[in-house]
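Chemist: with the sequence up front, the predicted model follows.
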Amino acid sequence: MKMFSITGSKVLGVAVAGCVALGATVAGATEWRGWNIHVDDYPVSIAMKAFMDEVAEKTGGELTGKVYNNGVLGDQPDAIEQTRLGIIDFGEFSLGPMGQAIPETNVVSLPFIFKSVPQMYRLMDGAAGEAIGKGMIAKGLVPVGWYDAGARSFYNTKHPINTPADVEGLKMRVMSNDLFVDMVNSMGGNATPMAFAEVFQSIKTGVVDGAENNPPSYESTNHYEVAKYYSLTEHLIIPECLCVSKASWDKLTPEQQAIVKEAGHNSALLQRELWQAREAESMAKVKAGGVIVNEVADKAAFQAAMKPVYDKFLAANPDLTDLVNLIRNAD
């Protein structure tokens, strides 16, 4: 994947704000270890560093930290467990892999539950994030910032997708998850789970008609070269979490907790800005490459088509009904 480059004094200024030379170690200081799967020059990595820089500055060096990028502290499922246990102090995780241990996080993997990325921001920064956060805290993770992982949309070789009927008959690659298989099948498509590395050749040879992903992934894998119709359905908008181990959190003073929470939110705002810039760069490239991009302004028909998917999910998770309705019925 092409690495993200920082441009603009505004973004750069926010990213480096709070960087201080602490000099000698502050007496009684604590140093946290943070997990991150991404490379150094990536929106998440930049925002995580800004998070710890702000914490170090505002605590006067009493709390510092180092972010270990590139997954060097282990793979994501292991890192989530280590953070829950307090072995790792903080990390930036997808909510997807948390579902087995924290059922509330499964809700954001329901297709079309969010109407747009800005709506996701509002809900996760408000009542939905608070409800999901309660479930996470009970299992050892304290969310301090909700990061953007982009919106996944359909692309294919046949035609634009504007309504669920446009998916009918299409062979679409999906991630290996029953929710996503059911999503495509409920619109009359033929869901085909397969490894991500096989998608390009499978589209090129007609094994599948298309797939779905966010703009940077669609662009960086060159899928746009073989599937020229990109329809912004934004059917999956799965946020990520900057999380602190509750074991580490509980060792902080109330004043330090407030600082960490504010710094986490500020880092999320920075990460979202950087991610949006990365998406815009990818969209410009695919359009220049001849891709036909269409907006899907009204997702009501798609949401209605998901009724069997939601019915099945809620039958298995009746205690999550209120949370699902909170998000799904929001403006």
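Modeler: In hand now; what should we look at?

Chemist: regarding this structure, what is its longest strand?
Modeler: Ranked by number of residues, the top strand in the chain under DSSP state E is strand 229-237.

Chemist: measure stretch 155-162 end to end?
Modeler: This stretch, stretch 155-162, spans 12 Å end to end (CA to CA, to the nearest Å).

Chemist: buried residues, it. List them.
Modeler: Along stretch 155-162, these residues count as buried under the neighbour rule (16 or more other CB atoms under 10 Å): 155, 156, 160, 161, 162. Yep, even glycine has a C-beta here, placed from its N, CA and C like the rest.

Chemist: mind listing what the second one touches?
Modeler: Read that as residue 156. Counting by CB atoms under 8 Å, 6 or more residues apart in numbering, residue 156 makes contact with 170, 172, 209, 210, 211, 227, 229, 231.

Chemist: need phi/psi at the third one.
Modeler: In other words, residue 209. Backbone dihedrals for residue 209, given as degrees, to the nearest 10, come out at phi -90, psi -20.

Chemist: all numbers from here: first residue = 52
Modeler: Understood, numbering begins at 52; the last thing we discussed is residue 260.

Chemist: for it, which residues are in contact?
Modeler: 207, 208, 209, 221, 222, 223, 254.

Chemist: make CSV out of those residues and add secondary structure and distance to residue 99.
Modeler: Formatted as CSV, the contacts of residue 260 follow (DSSP: H, G, I helix; E, B strand; the rest coil; distance: CB to CB, whole Å):
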residue, secondary structure, distance to residue 99
207, strand, 35
208, coil, 38
209, coil, 40
221, coil, 38
222, strand, 39
223, strand, 34
254, helix, 34
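
Chemist: wait, which of the residues you listed is closest to residue 362?
Modeler: Of all these, residue 362 sits closest to residue 223, with 21.6 Å by CB to CB.

Chemist: my read: that closest one touches residue 243, true?
Modeler: Yes: using CB atoms under 8 Å, residue 223 is in contact with residue 243, at 6.5 Å.

Chemist: looking at the two, which is more packed in?
Modeler: residue 223 (24 against 19; other CB atoms under 10 Å).

Chemist: for residue 300, see how far away the more buried one is.
Modeler: Using CB to CB, to the nearest Å, residue 223 is found at 41 Å from residue 300.

Chemist: just residue 336 next, same as before
Modeler: Counting by CB to CB - residue 336 and residue 300 are separated by 41 Å.

Chemist: what's the answer for residue 311, then?
Modeler: If you measure residue 311 against residue 300 using CB to CB, the figure is 8 Å.

Chemist: next, count neighbours for residue 369.
Modeler: 9.

Chemist: can you check the one 3 residues further on too?
Modeler: The burial count assigned to residue 372 is 12, neighbours taken as other CB under 10 Å.

Chemist: equivalent analysis for the one 3 residues further on, please.
Modeler: The local packing count at residue 375 equals 18, with neighbours defined by other CB under 10 Å.

Chemist: which of the three states applies to it?
Modeler: Using DSSP: H, G, I helix; E, B strand; the rest coil, the structure places residue 375 in helix.

Chemist: list the contacts for it?
Modeler: Counting by CB under 8 Å, 6+ apart, residue 375 touches 158, 161, 164, 361, 364, 365.

Chemist: quick revisit: same for the longest strand of the chain, what does it pack against?
Modeler: Using 3 or more CB pairs under 8 Å, 6 or more residues apart in numbering; DSSP states H and E, the elements in contact with strand 280-288 are helix 168-175, strand 202-207, strand 261-264, strand 343-346.

Chemist: pull the distance from the helix or strand just after the third one to the chain's centre.
Modeler: Using DSSP states H and E, the helix or strand that follows strand 261-264 in sequence is helix 266-271. Computed by CA atoms, centre = their mean, to the nearest Å, the chain-centroid distance of helix 266-271 equals 15 Å.

Chemist: list the buried residues of helix 266-271.
Modeler: Residues of helix 266-271 classed as buried by neighbour count (16+ other CB under 10 Å): 266, 267, 268, 269, 270, 271.

Chemist: using CSV, write out the CA atom coordinates for stretch 155-172.
Modeler: Only the C-alpha atoms of stretch 155-172 are listed here, as CSV (Å, rounded to 0.1, in the frame of the first residue of the first chain):
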residue,chain,number,x,y,z
GLU,A,155,-21.6,-5.1,22.1
THR,A,156,-18.8,-4.5,19.6
ASN,A,157,-20.5,-6.9,17.1
VAL,A,158,-23.3,-4.3,16.6
VAL,A,159,-21.1,-2.1,14.4
SER,A,160,-20.5,-5.0,12.0
LEU,A,161,-24.1,-5.0,11.0
PRO,A,162,-24.5,-3.9,7.4
PHE,A,163,-25.9,-0.4,6.8
ILE,A,164,-26.4,0.3,10.5
PHE,A,165,-24.7,3.6,10.1
LYS,A,166,-26.0,6.0,7.4
SER,A,167,-22.7,7.8,6.8
VAL,A,168,-19.3,8.3,8.3
PRO,A,169,-20.2,11.6,9.8
GLN,A,170,-23.1,10.0,11.5
MET,A,171,-20.8,7.3,12.8
TYR,A,172,-18.6,9.9,14.4
